[in-house]
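Trainee: let's see this in three dimensions:
(2 chains, ligands or ions: 3)
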Amino acid sequence: MKPAQFDYADPRSVEDAVALLQQHGADAKILAGGQSLVPLLNMRLARPAVIIDVGKLRDLDYIRDDGDALVIGALTTQRSVERSELVAREHPLLAATTRYIAHPQIRNRGTFGGSIAHADPAAECPALAVALDMQITVVGPGGARVIAAADFFVTYLTTSLEQDEILTDVRVPKLTPGTGWSIQEVARRHGDFAMAGAICTLTLERGRCAAARIALFGVGAVPVRAPEAEQTIIGQEPNAALFEEAGARASAEISEPLADIHGSSEFRRHLAGVMTQRALTEAFSRAEAR
Amino acid sequence: MTAKRDVSLTVNGVAYSASVEPRMTLVDLLRGELGLTGTHVGCEHGVCGACTILLNGQAVRSCIMLAVQADGAELMTVEGLSEDGQLHPIQQAFVGQRGLQCGFCTPGFLMSVYELLQHNPAPGDDEIKEALGGELCRCTGYQSILRSVRDAAARLRGEVPAAATEGEA
Ligand SMILES: Cc1cc2nc3c(=O)[nH]c(=O)nc-3n(C[C@H](O)[C@H](O)[C@H](O)COP(=O)(O)OP(=O)(O)OC[C@H]3O[C@@H](n4cnc5c(N)ncnc54)[C@H](O)[C@@H]3O)c2cc1C
Ligand code: FES
Ligand code: FES
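Mentor: Ligands and ions are numbered 1, 2, ... in the order given. Purely as a prediction, here's the structure:
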């Protein structure tokens, strides 16, 4: 349970970090909060030759209000997002989602960008990214490019980041007026990764559901939207039976969920439906209250 | 051999510097190099909470942080709680309310409670559970820990400590 040897660099600018990534290629690994990477190093599941510690890039630690979105620097800790007054006021769904990540002791170190870049399919922030169509900015040797969340998550722990790119910020669209939200998950113990979870938003216009988004996590190799379930409720007058039907649709439309010691594939499929139903119910009541 | 790095940090108000391999975890620096063995190490992957310390005032896991990442930081460990041989009120509460049995988990609990009570002098039970959900204890069943935290909060608010619990597991 001790890391294998590695060389260590602590660049002071994004450009230096990118240059180091270019120099070392597949031998290098970025270290941000370390809350996923250091356990992997300790267990020697990861054995990079070079660790590039981006923890000193303090100018990537910010939360900015950009009108219809919040922009969050990659090195902002999950705890800062959770505790930010700006986030509490402008994006309660983001604040609520962050509180589901692990425990305060982990969130004090873990970064928002790291959670997205790590791309654990059971993690909450990647699912929120998919639910809200977040825009992810990455910087490489050729400069910056923006990747839509839908194109970012490729498979289990794999993203469309190139080897020589670093994630620098994430643009989190705000919810439009009249939109309610909910995040629901089932985990063995509070703070564990979800066995299955759902994030939903629901927009009401004159008593009908004008828009709905459903993102599921813990049920496949990447977080996914549930478009058929969304279509079930869009244009309808929301009610309990409709939410139950949407849950059943969501459960049916996902591809084979991962099975592991925490839950079988069938069980996760079942949970995905129940979480969807509960999240829609809560999102609807929040939308009505707005 | 990878190059060693110099690390300077303050632990419980005392300045230390050491030359470490980059792969050394912070808990191994504290225990193995600085001789501060009050911080315990259990799972070494962030799950059990035994190694929790304060880093610039925030409770963090010292097993999943590299020593080099703590360069320039101010740390507080369980050794920093007592003053002039007097146990800290949080420690007194844990003693009084039987908040420990074997004591393996206790350093981590104490540091997490310390952070909680700095921000929130009168936490409700739900807030205590949220703050301590990442600290595992195999002995107590947690009820006496909850009582200890309520009592610690009362002591720090200057209220009379609750009577010690007698004969309870
Ligand atoms: C006990 C425990 C429980 C946990 N429970 C949960 C949970 O319930 N939900 C959850 O979502 N997470 C959970 N986590 C993981 C935690 O949220 C991590 O903080 C997060 O997954 C990674 O963020 P980090 O900053 O710690 O990244 P690191 O561990 O430093 O890095 C993780 C990966 O992302 C890459 N990376 C990081 N930042 C960048 C960047 N800016 N650009 C490019 N690549 C980058 C690294 O190279 C590495 O491959 C848990 C962790 C622990 C130890
Ligand atoms: S030893 Fe650090 S969390 Fe278990
Ligand atoms: S007192 Fe023994 S593990 Fe908590």
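
Trainee: quick check: closest non-adjacent residue to the most centrally placed residue in chain B.
Mentor: Geometric centre of chain B, nearest residue: B:M111, 2.7 Å, by C-alpha atoms, centre = their mean. Leaving aside its chain neighbours, B:M111 sits nearest to B:T52 (4.8 Å; criterion: C-beta to C-beta, 6 or more residues apart in numbering or on different chains). For every residue, glycine as well, the C-beta is placed using N, CA and C.

Trainee: and chain B, what are its domains?
Mentor: B:5-80, B:89-156 (automatic domain parsing).

Trainee: tell me if the shortest one is near ligand 3.
Mentor: Yes - judged by C-beta under 6 Å from any ligand atom, domain B:89-156 comes into contact with ligand 3 through B:100-105, B:137-140.

Trainee: how distant is that domain from the center of its chain?
Mentor: 10 Å (C-alpha atoms, centre = their mean, to the nearest Å).

Trainee: low pLDDT regions in the chain?
Mentor: The chain I'm using is chain A. Along chain A, no part satisfies pLDDT under 70.

Trainee: think we crossed wires, I meant chain B
Mentor: In chain B, residues with pLDDT under 70: B:1, B:164-169.

Trainee: what does chain A put close to ligand 1?
Mentor: Checking chain A against ligand 1 by C-beta under 6 Å from any ligand atom, the hits are A:29-37, A:39, A:54, A:74, A:101-102, A:106, A:110-111, A:113-115, A:117-118, A:120, A:123-125, A:161, A:166-167, A:192-193.

Trainee: can you tell me which of the residues you listed are in strands?
Mentor: Cross-referencing the residues of chain A next to ligand 1 against strands under DSSP state E gives A:29-31, A:166-167.

Trainee: chain B next: which of the residues you listed are close?
Mentor: A:L31 (C-beta under 8 Å from any C-beta of the partner chain).

Trainee: around ligand 1, pick out the residues from chain B.
Mentor: So far as C-beta under 6 Å from any ligand atom goes, chain B lies against ligand 1 at B:46-47, B:64.

Trainee: top of those by neighbour count?
Mentor: B:I64 (29 neighbours; other C-beta atoms under 10 Å in any protein chain shown).

Trainee: with secondary structure as added columns, please give the residues of domain B:89-156 next to ligand 3 in TSV.
Mentor: Supplementary listing: these in TSV, determined by DSSP: H, G, I helix; E, B strand; the rest coil:
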residue	secondary structure
B:L100	coil
B:Q101	coil
B:C102	coil
B:G103	coil
B:F104	coil
B:C105	coil
B:C137	coil
B:R138	coil
B:C139	coil
B:T140	coil
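
Trainee: TSV for these, including neighbour count and distance to B:Y16?
Mentor: As requested, those are exported to TSV (neighbours: other C-beta atoms under 10 Å in any protein chain shown; distance: C-beta to C-beta, whole Å):
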residue	neighbour count	distance to B:Y16
B:L100	21	28
B:Q101	15	32
B:C102	10	29
B:G103	13	25
B:F104	17	25
B:C105	24	26
B:C137	23	30
B:R138	11	32
B:C139	15	32
B:T140	22	33
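
Trainee: and stretch B:91-105, end to end?
Mentor: Stretch B:91-105 has an end-to-end distance of 13 Å (criterion: C-alpha to C-alpha, to the nearest Å).

Trainee: neighbouring contacts of it?
Mentor: Stretch B:91-105 has contacts (C-beta atoms under 8 Å, 6 or more residues apart in numbering or on different chains) with B:40, B:42, B:48-50, B:81-82, B:87, B:106, B:109-110, B:135-140, B:144-145, B:147-149, B:151-152, B:155, B:161-162, B:164-165, B:168.

Trainee: from these, which ones fall inside strands?
Mentor: Among these, no member falls in strands (DSSP E).

Trainee: contacts only, for whichever residue of the stretch 1-150 of chain A sits closest to ligand 2.
Mentor: Residue of the stretch 1-150 of chain A nearest ligand 2, by C-beta to the nearest ligand atom: A:Q105 (8.1 Å). Under the criterion of C-beta under 8 Å, 6+ apart, the contact list for A:Q105 reads B:49, B:52, B:59-61, B:112, B:134-135.

Trainee: which two among those are spaced furthest apart?
Mentor: Farthest apart among the contacts of A:Q105 by C-beta to C-beta are B:V60 and B:E135. That separation is 12.6 Å.

Trainee: what's around the closest residue to chain B within the stretch 101-250 of chain A, how many residues?
Mentor: Going by C-beta to the nearest C-beta, chain B is nearest to A:H103 of the stretch 101-250 of chain A, at 2.8 Å. A:H103: 24 surrounding residues under other C-beta under 10 Å.

Trainee: what does the one 3 residues further on give?
Mentor: Using other C-beta under 10 Å, A:I106 has 24 neighbouring residues.

Trainee: so it sits against A:G34, correct?
Mentor: No - the pair A:I106 and A:G34 fails to qualify as a contact (C-beta atoms under 8 Å) at a distance of 10.2 Å.

Trainee: can you flag the buried ones in the contacts of stretch B:91-105?
Mentor: Among the contacts of stretch B:91-105, the ones that count as buried by 16 or more other C-beta atoms under 10 Å in any protein chain shown are B:40, B:42, B:48-50, B:81, B:106, B:109-110, B:135-137, B:140, B:144-145, B:147-149, B:151-152, B:155, B:165.
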